[in-house]
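Peer 1: sharing a model prediction with you, sequence too.
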Amino acid sequence: MPELPEVETIANGVDVRVRGRTIISVWLSSKPEPFRSTPAELVKALTGSTIEHVRRVGKHIVVDLTRDAAATRRRSIAASRKAKPWRGQWLVHLGMTGSLLVCQPDEPTPKHTHAILQLDDAREVRFVDPRRFGRLSVLDLSTEATSKTGRRDSGVSAHDKGFIGPGQEPLDISADAFRALFRGRRTPIKSALLNQKLLHGVGNIYADESLFRAGIRPRRQAGRLTAKELERLRTSIQSVLREAITLGGSSVSDYVDASGEKGFFQLEHKVYLRTGESCLVCGTPIRRILVAGRGTHFCPHCQH
DNA sequence: CATGTTTCCTGACAGC
DNA sequence: TGCTGTCAGGAAACAT
């Protein structure tokens, strides 16, 4: 399932392939909608827009779009020369099984393809998602009313900067800010790590792998971890995520990058999906429990 | 507000 | 072989 390293890999792969291209036309599946915005809003924002940049924020892929005013409003050339270009963002959340692929138009369209953007060089960007937990949406950054409320929890900043995600970036966060996130929380540390409003980007795989590396049991109360443990956890999260990005992510389930290639970090997993197998450090069988309704894997000897 | 529970959805897989 | 049942999980909606 796509978490921070997988989303980063996909976003970078899509970026190098389509940056600067213009979207000529958009097709959306008419089947039950994996869309946050309405199909009409998506088509309106995407059609005729140029892709400035594709990047990752939390578990979202953010596609920065612009369109000159002439194309937007079909005014006279004189009027459009003065007008600011339209700006917007396409947000893609891959859910559990989503993928975003850059394809040649003659490649067969797989089942569960929900969106196809045709580019000006005839290639296509395709959103495929069998389980339909993924979501597509667009933001209009030109209208001043960008932030209906400027709510931080919507992931949209109040000052027209566009999508900033629901929480803090795990790769950047300072030791102080990290500690502050968990202060006073009685929820299990594993649940807190999965809460995207705290840290965004960490999911089930990397929560389990980070807790193993930090030597912390998943059910420990977040607010009762010592400063030393929290700092160990922060550096574990950062090193696990960075290693995983280097290896192109973890291919469990059906994850592939923008060109359909698998990642290799699943070969480095120490606990995730290793129930009953020997701990690679001490030999104790890895245990699986349920925390926050999620399968959770840990070594009862190495983690305290 | 904080935390726990349910829901969505389909492919994979077990058991008969 | 083919049917049925169970399970996985990110995040939003709902309940406590």
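Peer 2: Received it, and whenever you're ready, just let me know what you need.

Peer 1: next to DNA strand B, which bits of chain A? Give me the list.
Peer 2: A:32, A:111-112, A:130-133, A:185-188, A:191, A:223, A:292-293 (Cβ under 7 Å from any atom of the strand). In short, each C-beta sits where N, CA and C put it, glycine included.

Peer 1: which pair of those residues spans the longest distance?
Peer 2: The distance between the two most remote of the residues of chain A next to DNA strand B (Cβ to Cβ) is 45.6 Å, for A:Lys111 and A:Gly223.

Peer 1: who's more crowded, the two?
Peer 2: A:Gly223 (13 against 7; other Cβ atoms under 10 Å).

Peer 1: so that one: helix, strand or coil?
Peer 2: When classified by DSSP: H, G, I helix; E, B strand; the rest coil, A:Gly223 comes out as helix.

Peer 1: now do it against A:Cys103, distance only.
Peer 2: 47 Å (Cβ to Cβ, to the nearest Å).

Peer 1: identify the residues contacting whichever residue of the stretch 151-300 of chain A sits closest to DNA strand B.
Peer 2: Nearest to DNA strand B, among the residues of the stretch 151-300 of chain A, is A:Arg186, at 3.6 Å (Cβ to the nearest atom of the strand). If you count contacts by Cβ atoms under 8 Å, 6 or more residues apart in numbering, A:Arg186 has them with A:Gln221, A:Ala222, A:Gly223.

Peer 1: so it, which of the three states?
Peer 2: Three-state assignment for A:Arg186 (three-state DSSP): coil.

Peer 1: mind checking pLDDT for it?
Peer 2: Note for A:Arg186: predicted pLDDT of 90.

Peer 1: kindly report the same for A:Val156.
Peer 2: At A:Val156, pLDDT is 66.

Peer 1: with A:Pro34 instead?
Peer 2: Looking at A:Pro34, its pLDDT stands at 65.

Peer 1: cool, A:His93 as well?
Peer 2: 93.

Peer 1: and it, backbone torsions?
Peer 2: Dihedral pair for A:His93: phi -110, psi 130, per degrees, to the nearest 10.

Peer 1: care to break chain A down by domain?
Peer 2: For chain A, the structural domains run A:4-163, A:175-298, going by automatic domain parsing.

Peer 1: in TSV: those domains, plus distance to A:His304.
Peer 2: Shown next, in TSV, are the domains of chain A (distance: least, Cβ to Cβ, whole Å):
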stretch	distance to A:His304
domain A:4-163	26
domain A:175-298	6
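
Peer 1: between these, which one is nearest to DNA strand C?
Peer 2: DNA strand C sits nearest to domain A:175-298 of all these, at 3.2 Å, using Cβ to the nearest atom of the strand.

Peer 1: can you tell me the element A:Lys161 falls in?
Peer 2: Counting by DSSP states H and E, no helix or strand carries A:Lys161.

Peer 1: tell me how many other residues surround it.
Peer 2: 11.

Peer 1: how about the helices in the stretch 51-200 of chain A?
Peer 2: Ranges of helices in the stretch 51-200 of chain A, per DSSP state H, counting those that start in this stretch, are A:69-73, A:77-82, A:175-182, A:189-194.

Peer 1: near DNA strand C, which residues of the stretch 51-200 of chain A?
Peer 2: When proximity is defined by Cβ under 7 Å from any atom of the strand, the stretch 51-200 of chain A lies next to DNA strand C at A:Gly58, A:Lys59, A:His93, A:Gly95, A:Met96, A:Thr97, A:Arg131, A:Phe133, A:Pro166, A:Leu194, A:Gln196.

Peer 1: what score does the nearest residue to the last one once chain neighbours are set aside have for pLDDT?
Peer 2: What sits nearest to A:Gln196 in space, not counting adjacent residues and going by Cβ to Cβ, 6 or more residues apart in numbering, is A:Pro166, at 4.9 Å. Looking at A:Pro166, its pLDDT is 91.

Peer 1: for A:Val92, what are its contacts?
Peer 2: Neighbouring residues of A:Val92 by Cβ under 8 Å, 6+ apart: A:His60, A:Ile61, A:Val63, A:Gly98, A:Leu100, A:Phe127, A:Gly134, A:Arg135, A:Leu136.
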